[in-house]
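*Asks:* Next one to model:
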Amino acid sequence: MTLNDRRPSTLLVALLMATSGSALANEALARKNECFACHSVANPVVGPAYRAVAAKYAGHADAEDQLVRSIREGSSGKWGDIPMPPHPKLSEQDAHRLAKWILALPK
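*Replies:* Numbering: from 1, shown residues only. Presented below is the predicted three-dimensional model:
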């Protein structure tokens, strides 16, 4: 069977599986780095919910870079009185993975 012989639905399923695997891997990265101690996907904990972060930065051309900076350097005053501590041991590559994952979440 060649690629042209496959049904479009089969290719769609394969694409969705590949995409969801990447999303799961980035959620695992967030769990590994204890991000869920202060955040969740849908509800605020100590910090904002990731969906709220995605909504706040939607349409910002530099959103990914802003989030990477906040993740690695920390931030304060963006979401209230509780500051986000810096995570300098997290590689820039992993910070970009997390930022992309957060920004891709449904708002």
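
*Asks:* Can you say which helix or strand has Asp81 in it?
*Replies:* When elements are defined using DSSP states H and E, Asp81 is found to belong to no helix and no strand.

*Asks:* Count the residues that sit near it.
*Replies:* 6 (other C-beta atoms under 10 Å). For every residue, glycine as well, the C-beta is placed using N, CA and C.

*Asks:* quick one: stretch 42-50 to chain centroid distance?
*Replies:* For stretch 42-50, the distance from its own C-alpha centre to the chain's C-alpha centre is 13 Å (C-alpha atoms, centre = their mean, to the nearest Å).

*Asks:* next one: stretch 39-57
*Replies:* Per C-alpha atoms, centre = their mean, the centroid offset for stretch 39-57 relative to its chain is 10 Å.

*Asks:* And the strands in this protein?
*Replies:* For the chain, strands defined by DSSP state E do not occur.

*Asks:* Let me see the ranges of the helices in it.
*Replies:* Along the chain, the stretches classed as helices by DSSP state H are 8-32, 50-57, 63-73, 92-104.

*Asks:* Save these as a markdown table, and put in mean neighbour count and mean pLDDT too.
*Replies:* Putting those into a markdown table (neighbours: other C-beta atoms under 10 Å; pLDDT from 0 to 100) gives the following:
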| stretch | mean neighbour count | mean pLDDT |
| --- | --- | --- |
| helix 8-32 | 11 | 63 |
| helix 50-57 | 18 | 98 |
| helix 63-73 | 18 | 98 |
| helix 92-104 | 18 | 97 |
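
*Asks:* nearest to Pro86, of those?
*Replies:* helix 63-73 (5.1 Å; C-beta to C-beta).

*Asks:* Dump the C-alpha coordinates for that closest one into PDB.
*Replies:* Provided in PDB are the C-alpha atoms of helix 63-73 (Å, rounded to 0.1, in the frame of the first residue of the first chain):
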ATOM      1  CA  ALA A  63       3.900  36.000  23.600                       C
ATOM      2  CA  GLU A  64       6.200  33.000  23.500                       C
ATOM      3  CA  ASP A  65       9.300  35.100  24.300                       C
ATOM      4  CA  GLN A  66       7.400  36.900  27.100                       C
ATOM      5  CA  LEU A  67       6.400  33.600  28.700                       C
ATOM      6  CA  VAL A  68       9.900  32.200  28.400                       C
ATOM      7  CA  ARG A  69      11.200  35.200  30.200                       C
ATOM      8  CA  SER A  70       8.600  34.900  32.900                       C
ATOM      9  CA  ILE A  71       9.300  31.200  33.300                       C
ATOM     10  CA  ARG A  72      13.100  31.500  33.500                       C
ATOM     11  CA  GLU A  73      13.400  34.900  35.300                       C
END
